[in-house]
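> Predicted model follows, preceded by the sequence.
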Amino acid sequence: MWEELLPPLLIGILVIVFYFISYKKNKEKTRIAIKKSLRIFIISLPIFVVALMLMGLLMNDHVLPPEWIQNTLGSQTGVQGIFIGTMLGFPLPGPRYAIYPIANALYWKGAGLGTIGALICGQQIIDVPEGMFIEIKMIGTRFFAYRTLTAVIVVFIAGCITEMVFWFIPHGIPYVIPP
Amino acid sequence: MKKKKFDIGTFLLDISLIFIVIAVIIIVIIIFPDIYPEILADSFRMGLNELITIIPIFLVATFLAGLVDIWVDKELVVRLFKKTGLLGGLFFISILGVITPGPIFAMFPVVLVLARKGVESHFLIAFIAGQTMMGPMRLPLELYYLGVNFLIIRAILSIVMGVISGLLTLPVSKWLNEDLKKQKALSYSEKEKS
């Protein structure tokens, strides 16, 4: 348990140090940063709770049988799993930070690391649906359409590379699911 | 300061993940009519237990995001946007994207400013590809859920993805530049009207 908490704990200590330096440099800016952070926390937490509920549902063996995940998204499926991960990631709504508990649940259910990598990158690169509409309005349809096309290709490549890299190095994905 | 108007459309898009959870719950009730209370209770208990563990990490993530947002100047990104050849430029711009914080829609005005300064589309697409991949708020959460190794590999891949995106855009860069110019003209005339 402590092993999993250590890296974020170190970041936490760093954040406290950064705030201390920030306060020394500019008190007003630091006050605004604290206000803004609390606002982000209050707005984001309910959506994150929903993501955790989804994680809980996905971890249930009745809802998502591990054999099915292994046969569809597992490493042994090769590029098929990575392709499905890519295609699942793009339309997945919600903020980008909500993908992590879902990705962890899918991994421990048997999904391959390439699939997990493609799923995360796919969900983050386009930001469906909110960012997508703003992008079309501000930057234009042509730019958005081409960016989406390149995104599908690079996310798939990233998934394949992720899968191959973890043949040689330990994955170290923590088992965070509570009993 | 201008007060932001409440937009029901944006709000529904923000909470769209809830609809997926509701859909899963309905499917569970239909498929397992006898044991669905147990399944749902187990799932929600698991989610709730995880919430208790994650709250301090989530707090760290949001405080990091708030601090970075206040101290990192978006204009700095525009000033740092220098091209040094095709591959070197794409590599540098992808790194710049990865270390630039903020939501994607906050980057679109930056992209328009860069386009106005004559930056070509393949560099812009490389920048957006890198920028969307990492963020200060996601860092502690990715560390907690996926570990250090996965985070490092994904950070390196984000830069690679930016470079490949740029290279894939190169053949149609001029065609996209034309569209960007039209877009700029459109946004100016809209401003004039208002």
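Arrived safely.

> And for the chain, the residue most distant from the center?
No chain in the question, so chain A it is. residue A:24 (34.0 Å; Cα atoms, centre = their mean).

> try chain B instead
Computed with Cα atoms, centre = their mean, the most peripheral residue in chain B is residue B:34, at 41.4 Å.

> Just give me the residue right at the centre of chain B.
Note: chain B centre (Cα atoms, centre = their mean) maps to residue B:132, 3.7 Å.

> Check the burial of residue 29 by counting its neighbours.
Let's take chain A. For residue A:29, the count of nearby residues is 14 (other Cβ atoms under 10 Å in any protein chain shown). The way it works is simple: take the backbone N, C-alpha and C, and place the C-beta from them, glycine included.

> was after chain B, sorry
13.

> And the one 10 residues further on, by the same measure?
When neighbours are defined as other Cβ under 10 Å, residue B:39 has 20 of them.

> could you list every residue that touches the one residue in chain B that gets nearest to chain A?
For chain B and chain A, the shortest gap (Cβ to the nearest Cβ) falls at residue B:66, measuring 2.9 Å. Residue B:66 sits next to A:33-40 when contact means Cβ atoms under 8 Å, 6 or more residues apart in numbering or on different chains.

> I'd like the list of those that fall within strands, please.
The members of the contacts of residue B:66 all map outside strands under DSSP state E.

> Buried ones only from the residues you listed, please, as a ChimeraX command.
To isolate the buried ones among the contacts of residue B:66 in ChimeraX, judged by 16 or more other Cβ atoms under 10 Å in any protein chain shown, type:
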select /A:33,34,36,37,40
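
> possible to save the contacts of residue B:66 as a markdown table with pLDDT?
Putting the contacts of residue B:66 into a markdown table (pLDDT from 0 to 100) gives the following:
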| residue | pLDDT |
| --- | --- |
| A:33 | 93 |
| A:34 | 94 |
| A:35 | 94 |
| A:36 | 91 |
| A:37 | 92 |
| A:38 | 93 |
| A:39 | 90 |
| A:40 | 88 |
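
> tell me which of the contacts of residue B:66 is nearest to chain B?
When the contacts of residue B:66 are compared for distance to chain B (Cβ to the nearest Cβ), residue A:37 wins out at 2.9 Å.

> Just to check, the closest one is in contact with residue B:65?
Yes. Counting by Cβ atoms under 8 Å, residue B:65 is a contact partner of residue A:37 at 6.7 Å.

> sorry, back to before: and chain B, which of the contacts of residue B:66 reach it?
A:33-40 (Cβ under 8 Å from any Cβ of the partner chain).

> Could you dump the residues you listed into JSON lines with distance to residue A:86 added?
JSON lines is the format used below for those (distance: Cβ to Cβ, whole Å):
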{"residue": "A:33", "distance to residue A:86": "36"}
{"residue": "A:34", "distance to residue A:86": "39"}
{"residue": "A:35", "distance to residue A:86": "39"}
{"residue": "A:36", "distance to residue A:86": "34"}
{"residue": "A:37", "distance to residue A:86": "33"}
{"residue": "A:38", "distance to residue A:86": "36"}
{"residue": "A:39", "distance to residue A:86": "34"}
{"residue": "A:40", "distance to residue A:86": "29"}
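
> Quick one: mark the members of those residues that sit in helices.
By the criterion of DSSP state H, membership of the ones next to chain B among the contacts of residue B:66 in helices covers A:33-40.

> Next secondary structure after the helix ranked longest in chain B?
If you go by DSSP H, chain B has its longest helix at helix B:36-71. Per DSSP states H and E, the first helix or strand lying C-terminal to helix B:36-71 is helix B:74-80.

> any low-confidence regions in chain A?
For chain A, the stretches with pLDDT under 70 are A:1-4, A:129, A:178-179.

> where does residue A:48 land in three-state SS?
helix (DSSP: H, G, I helix; E, B strand; the rest coil).

> who's in contact with the residue farthest from the centre of chain A?
Residue A:24 touches nothing, counting by Cβ under 8 Å, 6+ apart.

> May I ask which helix or strand encompasses it?
helix A:2-25.

> Tell me how far that helix lies from the chain's centre.
Here helix A:2-25 is found 22 Å from its chain centre; the criterion is Cα atoms, centre = their mean, to the nearest Å.

> repeat for stretch B:46-61
For stretch B:46-61, the distance to the chain centre is 22 Å (Cα atoms, centre = their mean).

> Please apply the same query to stretch B:166-179.
In terms of Cα atoms, centre = their mean, the centre of stretch B:166-179 is found 22 Å from the chain centre.

> anything in that stretch near chain A?
Yes. Part of stretch B:166-179 sits near chain A under the criterion Cβ under 8 Å from any Cβ, namely B:168-169, B:172, B:175-176, B:179.
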